[in-house]
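Undergrad: Structural data only, the sequence is not supplied:
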């Protein structure tokens, strides 16, 4: 599998570390229930899914990668730092 | 001249004879032969015994689909089992042996299994060896394993080297037959980057095996011209002896056999190369595999696919038999008759299941007896075919033959197109599965697409090659039209002849017969997936290339369904067997991963250090001195030297992360559980980092070198993980913070200088101009000082509990620093110490390390609960506040001291109250770290024990059933030495 890193171009997936679902956003201070959901609750969709990947052996960017969980087709990859705030 | 070699013709090099041996018998072949063709040329029929019934077997095919002719190749550690004789390139000294026979191939004791065949049907083992269950492992399985199976592994480590490579292209062409060559040439001429792979050692595919012409040239000549032109194009790479074995996400796996055709792998060269090919488009031009017909005794040596017979005659000039009949249901089969006629050995008879055969096809046979509308019921013979029984309008008749060519149609070689989950579809018109839904960048050409004529293959290749070139931005010249004939290729499918007396094999490699399929259908295994698993049909290493379609056609007939209704199974990678060594490549043994050495490694080696793996690093574990007989003696001396004087320890492996920017303080407040934004310049602070779920991730110190310049240290083991975590926190959680960070672990060499005389050593090292007094550098202070040609960072921190410092210099000066410290400390008796002494001293001080930071402990468990700030949000705060993580009954850090001096404690032992049975319900915790403390003259331990801090003074049982240990110890404070911390300062 190859991931199109916005800095480095298409690179072998072995250069990246997988984190998981990119959808949960860290809640504001003090909301324990929301924090528990953020830490533990994950969707498991069959289809396109936004995921966090870390280009550990490249530019060390955290990426939001859109991957179809059914066939691993990657339709998008962008820098996590450029996401709009939660 | 060998017995069955034709006097002329073929693509072998008659000037280069090659000696080889089969089952110890010396034989001769020629360059250009395969092992199979050389055996055919030597008149050898019997090449192996079958998997289950030990039936005598001969060569069936001339390619990688071979189910029978599996041999052990090579000797000693290079012995490779289950290698196909049909794909082994003949080379001098080739030493091959047949398999699954004892004492010899001709006389095999276990062949008696075939007479027990009536009870050895599908599911036999499942049904028979059910009771008593206890006998399964001890008796049944070992006995069955001895009887079944094929070749033997060498049992020795693989002595060869393997390597890996990546390559990229616009078009990957798999298969260098007419379609593949036409595609590669068209795309290559247009300038596209092309990779052409073929499993054979010569390009051409069927062009090498048929008497055909392209552009008025004989097939092999045309293939040679195309190969020469492809080689002249710098944008085309040709990989021969290379099998594409799997389609993966965006990549194709292929294995190139670099030296398997040489007598020995030259020193320093790899035997095989594993390719990861990254193509924009893939063109599968892998051709088709002829389908046998299932009839009685169809496994007798001498029964061979018709196209394979033709290959032996045309390409290898070897005659598979002198009295050969043809049993066909295809036009193509008749080409074999023409080949034998040209070779001067006309066929004995042609049996065509069809009643009508076009005149043009009949003309291929010449003057040979022809039986139309007839079938072969039985092949008769033992170790070699002697006769066939045929049945037709003329009634039954026995023909004496020594060979039978069989042609039941062609199965396109589509396995690679199914690796990503796509399924082929059945075509009644072509009597074959052809590509259905395909992966987006895959196209199929020629026979692999079910277009079986030469003209169609060439046209497909040219068209799809041009398409791929255009897609890659090139403009192909006008699509070349390759001139070739449209030979007849009609098929009237026939899969199975019923009514024979002999066993009729569907899957030759796994010994699955038509009656096994019928039994499965009777017992309700009517799904193809169930049929496959119950009978093992198609599950052998040939992946059912010659068997699966026949099996499902028979199942379809038995269940009254059509073939599309019955369905087909999907192939999985690898398409051909791939050596584990090739997948591992260079990553084996000590090269499995790189070993990292600290800058002062050479110095430590000179000091006689014993090294230990620590994360990815090698670290000095202890430094034995002359006369010391065991590690404990050396470690005890090192500890005593540090506590009494001064020692130095290489701590370069600790993770180091440089942080800069105005928001570092804020950032650190969010990633550490304690506060850092208040840390003044020139100070160091111990920090505790949690995971978001509230458990401790790592600990370490962070120093503030300047207003916006910070350096963090991590544990050796977690250096990479912490760097990734900090990058996550910055980029994903708080990108608005103005912080830059980079790992500088390798950029700095760092030494701990510890002991009551450590400041004296620093004074000697830095000289009189430098001020290292306690006023200038108090406990938890940091500074930078000139040291020789560079500047050193000096941190006053302590892991040992003694007055101590850490000095960091740019990595290039690490070795010099070690030597300078030793020189400066000579009069002080400076002692180098290793990770063992470091561990002893931290256990004496109750400092936590990897064994306690095990991912299951929260700060409170480690006695660090007070570090959790209540004034700010930070990663892990809310989850760490969960009630269950704050219960006193959680295993919490304590010290342990045995009640009898000198008794050893061991890590991993469990803590139990006295006077209860040692069961899981009484378990109260476990020992995490142990050491012999020279300071206390006793073994001591750190442990996590329920209600620990409230139980100081209580005696508990330390139970270690694995190592037969059962000791009574007293729970004490985890700080064994200097609980007031006075030694830190003085």
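TA: Thanks, I have the structure now. This is a predicted model, so every value here is computed, not measured.
Undergrad: From now on I want contacts and neighbour counts done on CA atoms only, so please keep to that.
TA: OK.
Undergrad: Quick check: buried residues in the lengthiest helix in chain B?
TA: Scanning chain B for the helix with the most residues, using DSSP state H, yields helix B:454-471. In terms of neighbour count (16 or more other CA atoms under 10 Å in any protein chain shown), helix B:454-471 has its buried residues at B:454-470.
Undergrad: What helix or strand is the residue nearest to the spatial centre of chain A located in?
TA: With distances taken as CA atoms, centre = their mean, residue A:52 lies nearest the centre of chain A, 1.6 Å away. Element membership for residue A:52 (DSSP states H and E) is strand A:48-54.
Undergrad: Model confidence score at the residue of chain A most remote from its centre, please.
TA: In chain A, residue A:30 marks the outermost C-alpha relative to the chain mean, sitting 24.9 Å out by CA atoms, centre = their mean. At residue A:30, the predicted lDDT confidence score is 77.
Undergrad: Which residues of chain A lie near chain B?
TA: A:1-2, A:26, A:29-30, A:32, A:35-36, A:39, A:54, A:56, A:60-62, A:71-73, A:80-82 (CA under 8 Å from any CA of the partner chain).
Undergrad: Which PyMOL command selects the buried ones in those residues?
TA: Buried residues among these (16+ other CA under 10 Å), as a PyMOL selection:
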select buried, chain A and resi 2+26+32+35+39+54+56+60+61+62+72+73+80+81
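Undergrad: Inside strands: which ones of the residues of chain A next to chain B?
TA: A:2, A:54, A:62 (DSSP state E).
Undergrad: Surely residue B:61 and residue B:311 touch.
TA: No - in this structure residue B:61 lies outside contact range of residue B:311 using CA atoms under 8 Å: 9.0 Å.
Undergrad: Pop out the phi and psi values for the residue minimising distance to the centre of chain B.
TA: Nearest residue to the geometric centre of chain B (CA atoms, centre = their mean): residue B:583, 4.4 Å. Main-chain dihedrals, residue B:583, degrees, to the nearest 10: phi -70, psi -30.
Undergrad: what's the answer for residue B:155, then?
TA: phi 80, psi -10.
Undergrad: The residue in the stretch 1-150 of chain B that chain A sits nearest to: which element?
TA: Proximity to chain A, evaluated over the stretch 1-150 of chain B using CA to the nearest CA, is greatest for residue B:64 at 28.1 Å. Residue B:64 is part of no helix or strand, with elements assigned from DSSP H and E.
Undergrad: Tell me the spacing between it and residue B:509.
TA: If you measure residue B:64 against residue B:509 using CA to CA, to the nearest Å, the figure is 13 Å.
Undergrad: hang on, residue B:726 in a helix?
TA: Yes - secondary structure assignment places residue B:726 in a helix (DSSP: H, G, I helix; E, B strand; the rest coil).
Undergrad: What's the local residue count around it?
TA: Counted with other CA atoms under 10 Å in any protein chain shown, the neighbours of residue B:726 add up to 18.
Undergrad: Contacts only, for whichever residue of the stretch 651-800 of chain B sits closest to chain A.
TA: Closest residue of the stretch 651-800 of chain B to chain A, CA to the nearest CA: residue B:731 (4.6 Å). Contact partners of residue B:731, counting by CA atoms under 8 Å, 6 or more residues apart in numbering or on different chains, are A:61-62, A:80-81.
Undergrad: my read: residue B:242 touches residue B:202, true?
TA: No - if you go by CA under 8 Å, residue B:242 and residue B:202 don't touch, sitting 10.9 Å apart.
Undergrad: and those two? which has more neighbours close in?
TA: Neighbours were counted for residue B:242 and for residue B:202 using other CA under 10 Å; residue B:242 has more, 24 against 17.
Undergrad: Quick check: that one vs residue B:32, distance?
TA: From residue B:242 across to residue B:32, the span is 17 Å (CA to CA).
Undergrad: swap in residue B:62?
TA: Distance of residue B:62 to residue B:32, computed by CA to CA: 13 Å.
Undergrad: With residue B:890 instead?
TA: On the measure of CA to CA, residue B:890 and residue B:32 end up 74 Å apart.
Undergrad: Residue A:84 now?
TA: 65 Å.
Undergrad: quick revisit: so for residue B:890 and residue B:32, which sits in the more crowded spot?
TA: A count of neighbours by other CA under 10 Å puts residue B:32 above the other of residue B:890 and residue B:32, at 23 against 20.
Undergrad: Show the contacting residues for the closest residue to the more buried one other than its chain neighbours.
TA: Nearest non-adjacent residue to residue B:32, counting by CA to CA, 6 or more residues apart in numbering or on different chains: residue B:12, 4.6 Å away. Residues in contact with residue B:12 (CA under 8 Å, 6+ apart) are B:30-33, B:315-317.
Undergrad: at 7 Å what do you get?
TA: B:30-33, B:316 (CA atoms under 7 Å, 6 or more residues apart in numbering or on different chains).
Undergrad: The residue of the stretch 1-150 of chain B closest to chain A reaches residue B:85, doesn't it?
TA: No - when contacts are counted by CA atoms under 7 Å, residue B:64 is not listed as touching residue B:85 (9.0 Å).
Undergrad: who has more neighbours, the two?
TA: Shown here are residue B:64 and residue B:85; by other CA under 10 Å, residue B:85 has more neighbours (29 against 20).
Undergrad: hmm, back to that, and the longest helix of chain B, what does it pack against?
TA: Packed against helix B:454-471 by the contact rule (3 or more CA pairs under 7 Å, 6 or more residues apart in numbering or on different chains; DSSP states H and E) you find helix B:178-189.
Undergrad: For the helix it packs on, name the packing helices and strands.
TA: strand B:162-174, strand B:194-197, helix B:454-471.
Undergrad: Next, the angle from the longest helix of chain B to strand B:162-174.
TA: Orientation of helix B:454-471 against strand B:162-174 (axes from the mean of the first three to the mean of the last three CA atoms, to 10 degrees) gives an angle of 110 degrees.
Undergrad: what does the average pLDDT come to for helix B:454-471?
TA: pLDDT averaged over helix B:454-471 gives 96.
Undergrad: Stretch B:397-415 too?
TA: 96.
Undergrad: Now do the buried residues in that stretch.
TA: Result for stretch B:397-415 [16+ other CA under 10 Å]: buried residues B:399, B:401-415.
Undergrad: Repeat that for stretch B:426-446.
TA: By neighbour count, with 16+ other CA under 10 Å as the criterion, the buried positions of stretch B:426-446 are B:426, B:430-435, B:438, B:442-446.
Undergrad: So it, near chain A or not?
TA: No - residues of stretch B:426-446 are not located near chain A by CA under 7 Å from any CA of the partner chain, the shortest gap being 10.1 Å.
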